[in-house]
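Enquirer: Whatever this is, show me its structure:
(one chain, ligands or ions: 1)
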Amino acid sequence: MITTDILIIGAGPTGLFTVFEAGLLKLKCHLIDALPQPGGQCSEIYPKKPIYDIPAYPEILAGDLTDKLMEQCKQFEPGFTLGERADTIEKQEDGSFVVTTNKGTKHKAPVVAIAGGLGSFEPRKPLIDNITNYEDKGVEYMIKEPEMYRNKRVVIAGGGDSALDWSIFLADVASEITLIHRRNEFRGHLDSVEKVQELKSAGKINLITPAEVIGLEGEDKLESITIKQEAKVFKKECDHFVPLFGLSPKLGPIANWGLEIEKNAIKVNNALDYQTNIPGIFAIGDVNTYPGKLKLILCGFHEATLMCQAAYQIINPGKRYVLKYTTVSGVDGFDGTRKEAPKAVVKAID
Ligand SMILES: Cc1cc2nc3c(=O)[nH]c(=O)nc-3n(C[C@H](O)[C@H](O)[C@H](O)COP(=O)(O)OP(=O)(O)OC[C@H]3O[C@@H](n4cnc5c(N)ncnc54)[C@H](O)[C@@H]3O)c2cc1C
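Expert: Numbers count the residues shown, from 1 in each chain. Here you go, the predicted model:
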């Protein structure tokens, strides 16, 4: 059982900034995310796009914003459960909550902050009848551990950045890498398309287009796939089939937690602290709704800051917190680091 002060569901920009604000109040955080990496939409959908409305950053790439948020919260030593979806929540007799993921990992905290954005990203699966029989037996929808593919025969399907980038990366890891796409044209960064072209010419990537995988075969695990390329149908032996057709967000299991939901978002008390109808459970960032709500990163940061003050009161009942500027108080990391502004020097001037 992982225990913490604030359990954050969603490691997008809102969840990551919550760690920093909670840390200033000496509260520890643990984050759960269905994706294998932090950053939410910023790292999953548009890491290479510039954002222009983050205060004090005239322009910053979404991927760089994630890196900066990770750097800012590192001193407060957040814990991460990545690649797992928060599935169930149970209220305990002592008032705390136990959240269990789809992989069975349990987390306990007196406060839960849902920063789930548009929901957990679920992979879009190809329509192949028996595909579920081979999930985790040769079929994966996300690449979490590239080393798993070392010296294996890997087939990737898809025509976007993920399919291109992983094909390039695995060209040096797998014993054989094949990229299949239903069109001849790829929709990705030009440099990635050019790199795949280069690797194909060097014989390091097999490219099969326009084609799609229509069948999977194997006894206990995947052994081969059936490919349809225009009028031709043929089998290809392989160890892994990785369809990278993008991810679609779904509020998913959180919708069954007894929270008030309106238009696929969680209703909160925005006049006070972004608490939901269940005391101790907050919803911040894109996942919540209230009159005038704007789904913007800077709004998530503001909501996280106010929510942490309310979490402090739940965790330290009766204790008064006096807001201090970081310029005055400095920042004491849980890792023993201290940041502070240089002190004023008292010295006479001749
Ligand atoms: C193309 C694009 C461009 C954008 N440009 C801008 C811009 O210029 N400026 C701006 O301010 N905003 C922009 N946005 C919006 C911005 O990205 C969102 O407002 C922001 O990402 C919200 O952050 P969040 O942390 O609340 O949620 P998200 O970033 O959505 O992160 C939520 C995380 O929660 C996880 N999660 C959800 N449910 C579960 C669960 N049950 N278990 C485990 N994990 C779960 C998800 O996997 C996800 O990683 C843009 C969005 C897109 C798509």
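Enquirer: count of neighbours near the closest residue to residue 62 other than its chain neighbours?
Expert: Computed as Cβ to Cβ, 6 or more residues apart in numbering, the closest residue to residue 62 that is not its neighbour in sequence is residue 42, at 3.8 Å. No exception for glycine: its C-beta is placed from N, CA and C like everyone else's. The tally of other residues near residue 42 (other Cβ atoms under 10 Å) stands at 25.
Enquirer: what do you get for residue 161?
Expert: 18.
Enquirer: Now do it against residue 8, distance only.
Expert: Applying Cβ to Cβ, to the nearest Å, the value for residue 161 to residue 8 is 27 Å.
Enquirer: same check, this time on residue 131
Expert: Distance from residue 131 to residue 8, by Cβ to Cβ: 32 Å.
Enquirer: Compare those two and say which is more crowded by neighbours.
Expert: residue 8 (33 against 18).
Enquirer: Name the residues that touch the helix or strand containing that one?
Expert: Assigned by DSSP states H and E, residue 8 belongs to strand 6-9. By Cβ atoms under 8 Å, 6 or more residues apart in numbering, the list of residues contacting strand 6-9 from outside reads 15, 18-19, 22, 27-33, 86, 97, 99, 107-109, 111-116, 254, 308, 311.
Enquirer: residues from the protein in reach of the ligand?
Expert: Contact residues, the chain versus the ligand (Cβ under 6 Å from any ligand atom): 9-15, 32-35, 40-42, 45-46, 51, 53, 85-86, 115-121, 252-254, 285-286, 295-298, 300.
Enquirer: Just the buried residues of those.
Expert: 9-15, 32-35, 40-42, 51, 85-86, 115-121, 252-254, 285-286, 297, 300 (16 or more other Cβ atoms under 10 Å).
Enquirer: As a check, name the ranges of all helices in this structure.
Expert: 13-24, 40-44, 62-74, 161-170, 190-201, 297-315, 326-329 (DSSP state H).
Enquirer: out of those helices, deepest packed?
Expert: helix 13-24 (a mean of 27; mean count of other Cβ atoms under 10 Å).
Enquirer: Let me know the angle separating that helix from helix 297-315.
Expert: 40 degrees (axes from the mean of the first three to the mean of the last three Cα atoms, to 10 degrees).
Enquirer: Report the distance from stretch 38-56 to the chain centre.
Expert: From the chain centre to the centre of stretch 38-56 is a distance of 12 Å (Cα atoms, centre = their mean, to the nearest Å).
Enquirer: Let's test this: mean pLDDT of that stretch, rounded?
Expert: The pLDDT scores in stretch 38-56 average 91.
Enquirer: Look at the closest residue to the ligand within the stretch 251-350 of the chain and report its pLDDT.
Expert: Using Cβ to the nearest ligand atom, the closest approach of the stretch 251-350 of the chain to the ligand is made by residue 285 at 2.3 Å. With respect to pLDDT, residue 285 scores 98.
Enquirer: List the contacts of the residue nearest to it when sequence neighbours are not counted.
Expert: Spatial nearest neighbour of residue 285, chain neighbours left out: residue 14 (3.1 Å); criterion: Cβ to Cβ, 6+ apart. Contacts for residue 14 (Cβ under 8 Å, 6+ apart) come out as 40, 115, 117, 284-286, 297, 300-301, 303-304.
Enquirer: Would you tell me which one of those comes nearest to residue 235?
Expert: residue 40 (39.4 Å; Cβ to Cβ).
Enquirer: got a list of what the closest one touches?
Expert: 10-15, 33, 117.
Enquirer: Next up, the contacts around the nearest residue in space to residue 176 that is not next to it in sequence.
Expert: Leaving aside its sequence neighbours, residue 176 sits nearest to residue 153 (Cβ to Cβ, 6+ apart; 4.4 Å). Residues near residue 153 by Cβ under 8 Å, 6+ apart: 174-176, 178, 237-240.
Enquirer: out of those, which one sits closest to residue 220?
Expert: Taking Cβ to Cβ as the measure, residue 220 sits nearest to residue 239 out of these, at 12.8 Å.
Enquirer: Nearest residue to that closest one in space, please, no chain neighbours.
Expert: Nearest to residue 239 is residue 152, by Cβ to Cβ, 6+ apart, at 4.1 Å.
Enquirer: How about residues contacting stretch 247-260?
Expert: So stretch 247-260 is contacted by 9, 44, 85-89, 114, 116-124, 261, 264-267, 276-278, 281, 283, 287 (Cβ under 8 Å, 6+ apart).
Enquirer: meant to ask about stretch 183-200, not that
Expert: By Cβ under 8 Å, 6+ apart, the surrounding residues in contact with stretch 183-200 are 48, 159-161, 163-165, 167-168, 171, 179, 205-207, 209-210.
Enquirer: what distance separates it from the centre of its chain?
Expert: Using Cα atoms, centre = their mean, the offset of stretch 183-200 from its chain centre is 26 Å.
Enquirer: give the contact list for the nearest residue to residue 211 once chain neighbours are set aside.
Expert: Closest residue in space to residue 211, ignoring its immediate chain neighbours: residue 229 at 3.8 Å, by Cβ to Cβ, 6+ apart. Neighbouring residues of residue 229 by Cβ under 8 Å, 6+ apart: 208-211.
Enquirer: Which pair in these has the greatest spatial separation?
Expert: Farthest pair in these, by Cβ to Cβ: 208 and 210, 8.7 Å.
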